[in-house]
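J.: give me a 3D structure for the following:
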Amino acid sequence: MASGKDKIADQSTHSRWDVSSGPSTLSRTTLMLTLVLHPRLSRVGERALVTVPGDSCVLRLSRMEPDFCTPHQNLGRPLGLPCISRKPLRLIWSCNENLRFERGDCTTRVRIDGIPLEQTLEIEARRLKEGVVLILADHVVMLLHECESPLLERDRGDLGLVGYADAMVRIREEIRQVADLDVPVLIRGETGVGKELVAQALHRYGARRNRPFISVNLGALPESLAAAELFGAKRGSFTGATADRPGYFRAAHQGVLFLDEVGEAPAEVQGMLLRVLETKEIVPVGSHTPTRLDVRVLAATDAELEARIKEDRFKEPLLHRLAGYEIVIPPLRGRREDIGRLFVHFARRNFDEFGWGPLPEFSDPLALPWLPVEIAAALVRFSWPGNVRQLRNLVRQLIIGNRGQTRLRMTPQVDRILGMVQAAQSTPVSTDSVAPSNEPPSRVERRRPSEVGEDELIDAMRRAEWEPKEAARILGISRASIYDLVKKCDRLQTTMDLSPDQIEDCFRRHHGVVETMARELEVSRLALRRRMKSMGLN
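T.: Alright, predicted model coming up:
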């Protein structure tokens, strides 16, 4: 895990499908604290109200407070873990100001966006747009984030769409409003966000629920056969047509036809689709006789159809016909608070599919969670260019790669995917007594290495999470000098000072999670990863 103190570009990327990509209006924002990971996986997704719009707040976070619950529950419960101190740390926030965390008498080990909390730590308020990740005692991961709908949501089912984020609450409500209306719906969003799930929900909760649901990917149809596949064809109408073809529209009669990737439809097919939507009649290829059909059309696209219209690649009248109603699905990076629930959902589905029984639960209240906190935090920080589909595939990769293991550990494939998370870290503003500078390294005043005492060196290495480059920046000396000082200090060690037995024992106890191993061994994470690779430990 990155130390979090380097000035690194924010990984967040916005697209035309981001529901809210403008500046945060914190004065009108509710703050929520959502459980991304808890040793009891059934609690993942529970949340606690931090503050309502316009209010300042002081949140006390401990074993016994606050209470967490789902949006459907009236009563909640605290974290309740003996590894978390009864004495609270405090989160202090006033609208449009930085968030301030104060340890006080709390003895829990806490990391905030990758930074260990020593006494006091400030986080820029703009970080709330993506969410601030808190790790408590290597057992709990939480996301502090903005929320527009803090009130209880009446439990009417999730419609097959997992998540409590504002966008998912809105989408479920839109589905309920339009499902039983016989109008075309255009579902828009990036690839992998779950557009077909929304289409299936519209069918399942609509008036045609007991009729066919036919799904066709227009991007996968050969251009020369697309018209025949959609509208049918008469025998002999083209080479290879040895019998009449009914076509997808006829197969969906009295039901629902879902046209995925509608933006990829060939120009000829676009004209035919427009005619069908206007007349409710199809004319099979090779025929001159129209056939009247009763079909509700749902369509989906990740393309920017308005831009394609300007390029004469998509017909504007067809867009207007398809978009009788539009539903826009946000990217996964726009609802990070749902990542924990989605992980558990996909994990359960995989265990059911493989016949492995329920997900692991540990009776020991001090036992580490099945999913290591470092992996959970990395999942929340990742940008997910492939959205929910990519998360689903990553969960399966992780579970199969850990088959037979008591707890999950990082696999090389997952590590490769999430390795870019380090570049996503942004820098909190620390107000501890030895605060990291906010200036770039070139502007740090250089000191003589001889001026650095042993205690100061060890303190800097600890604050830098044992990464020499960051410790050198904190101390204002060169990287070469920090290596010399570490080598001369009997109280510090490098990965080369560790025996293979030490590393292998630590590897087994921490299931290969490099971040946890590096903290215990008090060595550089990057150097430990290289040493492990040379030993064949992945």
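
J.: wait, E97 sits on E124?
T.: No. Judged on Cβ atoms under 8 Å, E97 makes no contact with E124 at a distance of 9.7 Å. No exception for glycine: its C-beta is placed from N, CA and C like everyone else's.

J.: shared neighbours, these two?
T.: Shared contacts of E97 and E124, defined by Cβ atoms under 8 Å, 6 or more residues apart in numbering, are absent.

J.: next, the buried residues of stretch 476-483.
T.: For stretch 476-483, burial by neighbour count (16 or more other Cβ atoms under 10 Å) applies to G476, I477, S481, I482.

J.: among the residues you listed, which are in helices?
T.: Those of these mapping onto helices are S481, I482, per DSSP state H.

J.: and the strands in the stretch 201-350 of the chain?
T.: 213-217, 256-260, 281-282, 291-292, 296-301, 325-328 (DSSP state E, counting those that start in this stretch).

J.: mind listing the strands the third one pairs with, and their directions?
T.: Sheet partners assigned to strand 281-282 using DSSP bridges are listed as strand 291-292 (antiparallel).

J.: neighbouring contacts of the strand it pairs with?
T.: R250, K280, E281, I282, V283, P284.

J.: mind telling me what element the closest residue to E326 other than its chain neighbours is part of?
T.: Once flanking residues are discounted, E326 sits nearest to L186: 5.0 Å by Cβ to Cβ, 6 or more residues apart in numbering. Take DSSP states H and E as the rule and L186 turns out to sit in strand 185-188.

J.: packing partners for that strand?
T.: Applying 3 or more Cβ pairs under 8 Å, 6 or more residues apart in numbering; DSSP states H and E, we find strand 185-188 packed against helix 195-204, strand 296-301, strand 325-328.

J.: report the buried residues of it.
T.: Buried residues in strand 185-188, counted by 16+ other Cβ under 10 Å: V185, L186, I187, R188.

J.: again with stretch 302-312
T.: So, applying 16+ other Cβ under 10 Å, buried residues of stretch 302-312: D302, A303, L305, R308.

J.: domains in the chain, as residue ranges please.
T.: 26-151+335-424, 166-329, 435-534 (automatic domain parsing).

J.: among the ones you listed, which comes closest to L159?
T.: domain 166-329 (4.4 Å; Cβ to Cβ).

J.: if we can go back for a sec, same list, the strands of the stretch 201-350 of the chain, but as TSV with distance to L117, mean pLDDT and mean neighbour count please.
T.: Below are the strands of the stretch 201-350 of the chain laid out as TSV (distance: least, Cβ to Cβ, whole Å; pLDDT from 0 to 100; neighbours: other Cβ atoms under 10 Å):
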stretch	distance to L117	mean pLDDT	mean neighbour count
strand 213-217	49	96	18
strand 256-260	47	98	24
strand 281-282	65	93	18
strand 291-292	69	92	13
strand 296-301	44	98	26
strand 325-328	38	98	17
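
J.: and those strands as a markdown table, adding distance to I112?
T.: Output for those, formatted as a markdown table (distance: least, Cβ to Cβ, whole Å):
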| stretch | distance to I112 |
| --- | --- |
| strand 213-217 | 44 |
| strand 256-260 | 42 |
| strand 281-282 | 60 |
| strand 291-292 | 63 |
| strand 296-301 | 39 |
| strand 325-328 | 32 |
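
J.: for I115, find the nearest of these.
T.: strand 325-328 (35.1 Å).

J.: direction included, what does that closest one pair against?
T.: strand 185-188 (parallel).

J.: which residue is the nearest non-sequential neighbour of R100?
T.: I92 (4.4 Å).

J.: same check on Y205?
T.: Y205's closest residue in space is A179 (Cβ to Cβ, 6+ apart), at 4.2 Å.

J.: how close does L89 get to M64?
T.: Distance, L89 to M64, using Cβ to Cβ, to the nearest Å: 13 Å.

J.: the more surrounded of these two?
T.: L89 (24 against 15; other Cβ atoms under 10 Å).

J.: next up, the contacts around the more buried one.
T.: L89 makes contacts with R60, L61, S62, F101, E102, R103, G104, C106, T108, V110, L117, as judged by Cβ under 8 Å, 6+ apart.

J.: please repeat the previous calculation with a cut-off of 7 Å.
T.: By Cβ atoms under 7 Å, 6 or more residues apart in numbering, the contact set of L89 is L61, F101, E102, R103, G104, C106, V110, L117.

J.: can I get the buried part of those as one PyMOL selection?
T.: Under the burial definition 16+ other Cβ under 10 Å, those of the contacts of L89 that qualify are selected in PyMOL by:
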select buried, resi 61+101+102+103+106+110+117
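
J.: so which of the contacts of L89 are in strands?
T.: L61, F101, E102, V110 (DSSP state E).

J.: so which of the residues you listed is the closest to E522?
T.: Among the ones in strands among the contacts of L89, V110 lies closest to E522 (Cβ to Cβ), at 18.5 Å.

J.: for the closest one, name its beta-bridge partners.
T.: Here V110 sits in beta bridges with L136, going by DSSP bridges.

J.: tell me the pLDDT at it?
T.: In this model, V110 is scored at 95, pLDDT.

J.: how much space between it and L128?
T.: 18 Å.

J.: returning to what we had before: now do the contacts for the residue nearest to Y205.
T.: Counted by Cβ under 7 Å, 6+ apart, A179 has contacts L202, Y205, G206.

J.: which intervals of this structure have sub-threshold pLDDT?
T.: Scanning the chain with the threshold set as pLDDT under 70 gives 1-29, 52-56, 95-96, 149-155, 236-243, 420-446, 538.

J.: may I see the helices and strands packed on strand 185-188 arranged in TSV, with distance to A48 as well?
T.: Listed next are these as TSV, based on distance: least, Cβ to Cβ, whole Å:
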stretch	distance to A48
helix 195-204	29
strand 296-301	36
strand 325-328	29
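
J.: for E520, which of the ones you listed is the nearest?
T.: helix 195-204 (41.9 Å).

J.: what angle do the closest one and strand 296-301 make?
T.: Orientation check (axes from the mean of the first three to the mean of the last three Cα atoms, to 10 degrees): helix 195-204 against strand 296-301 gives 170 degrees.

J.: helix 195-204 vs strand 256-260, what angle?
T.: 170 degrees.

J.: from the chain's centre, how far out does helix 195-204 sit?
T.: 22 Å (Cα atoms, centre = their mean, to the nearest Å).

J.: with stretch 324-334 instead?
T.: 15 Å.

J.: same thing with stretch 456-476?
T.: Remark: stretch 456-476 is offset 31 Å from the chain centroid, using Cα atoms, centre = their mean.

J.: what comes up buried for that stretch?
T.: By neighbour count on 16+ other Cβ under 10 Å, the buried set for stretch 456-476 is 457-461, 463-468, 470-476.

J.: for that stretch, how far is the first residue from the last?
T.: In stretch 456-476, first residue to last residue: 12 Å (Cα to Cα, to the nearest Å).

J.: how about stretch 194-212?
T.: Terminal-residue distance, stretch 194-212 (Cα to Cα): 20 Å.

J.: which residues are in contact with that stretch?
T.: Residues contacting stretch 194-212 (Cβ under 7 Å, 6+ apart): 159-161, 171, 175-176, 179-180, 185, 187, 189, 213, 215, 251-252, 254-256, 258, 260, 296, 298, 300, 327, 329, 388.

J.: so who does P266 touch?
T.: P266 sits next to E223, A226 when contact means Cβ under 7 Å, 6+ apart.

J.: any figure for the gap between E374 and V513?
T.: Going from E374 to V513 by Cβ to Cβ gives 5 Å.

J.: ugh, wrong one, I meant A228
T.: Applying Cβ to Cβ, the value for A228 to V513 is 55 Å.

J.: try D352
T.: From D352 across to V513, the span is 26 Å (Cβ to Cβ).
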